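>>> Below are the sequence and a predicted model for it; my questions follow.
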Amino acid sequence: MHLIEPLGFSLEDRRLRRAGLDYHELTGIAVHAEIGAFMAHVQPLRVFGFSTKGQGCYTDIAFRPEDAFLFGPETRGLPPHLLERLGPENIFRIPMRAGCRSLNLSNAVAVIVYEAWRQQGFHATGSLATQAALSK
């Protein structure tokens, strides 16, 4: 998993470990100073952003193992400069029932990563399982 600063939490926080990131031995965590550093390090072939502003649904994507996923903070989502950089064709949403709040960040990431993994026959290797990036 790649995290892009600034983070809205401390990686040292015991509440964070209790929330599930204590599985770091199963998922390597890399922290990048900004989106450009992430892109230079990972060099993903395709990058998808997930936002309530997305026109397409995540189920419209035929995921590939080398894909990278960007998620913003729960309170604001992806910032406008990233939405613009990605372009509307690469921004997707998770549909919600009318009147319901959006999923929290960890659930949204789980939905997308699990769907990508399912499409790969639950045999994804390489970068798919580790390219979820969280950006503020």
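Received the coordinates, thanks.
>>> quick one, strands of this structure?
Secondary structure of the chain (DSSP state E): strands at 2-4, 30-32, 47-50, 56-57, 68-71, 91-93, 132-135.
>>> Can you tell me which helices and strands the fourth one packs against?
So that's strand 56-57. strand 91-93 (3 or more CB pairs under 8 Å, 6 or more residues apart in numbering; DSSP states H and E). For glycine as for every other residue, the C-beta is placed from the backbone atoms N, C-alpha and C.
>>> what is the rounded mean pLDDT of the strand it packs on?
Strand 91-93 carries an average pLDDT of 97.
>>> I'd like the distance between residue 8 and residue 34.
15 Å (CB to CB, to the nearest Å).
>>> on that earlier part again, could you redo the strands of the chain as JSON lines and give each row mean neighbour count and distance to residue 81?
Compiled in JSON lines, the strands of the chain are given as follows (neighbours: other CB atoms under 10 Å; distance: least, CB to CB, whole Å):
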{"stretch": "strand 2-4", "mean neighbour count": "22", "distance to residue 81": "13"}
{"stretch": "strand 30-32", "mean neighbour count": "15", "distance to residue 81": "16"}
{"stretch": "strand 47-50", "mean neighbour count": "23", "distance to residue 81": "11"}
{"stretch": "strand 56-57", "mean neighbour count": "12", "distance to residue 81": "20"}
{"stretch": "strand 68-71", "mean neighbour count": "23", "distance to residue 81": "12"}
{"stretch": "strand 91-93", "mean neighbour count": "20", "distance to residue 81": "13"}
{"stretch": "strand 132-135", "mean neighbour count": "22", "distance to residue 81": "10"}
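>>> which stretch in these has the least confidence?
strand 132-135 (a mean of 52).
>>> how far is stretch 51-65 from where the chain is centred?
12 Å (CA atoms, centre = their mean, to the nearest Å).
>>> scratch that, stretch 59-75
For stretch 59-75, the distance to the chain centre is 5 Å (CA atoms, centre = their mean).
>>> now swap in stretch 84-104 and tell me
How far stretch 84-104 lies from its chain's middle: 12 Å, per CA atoms, centre = their mean.
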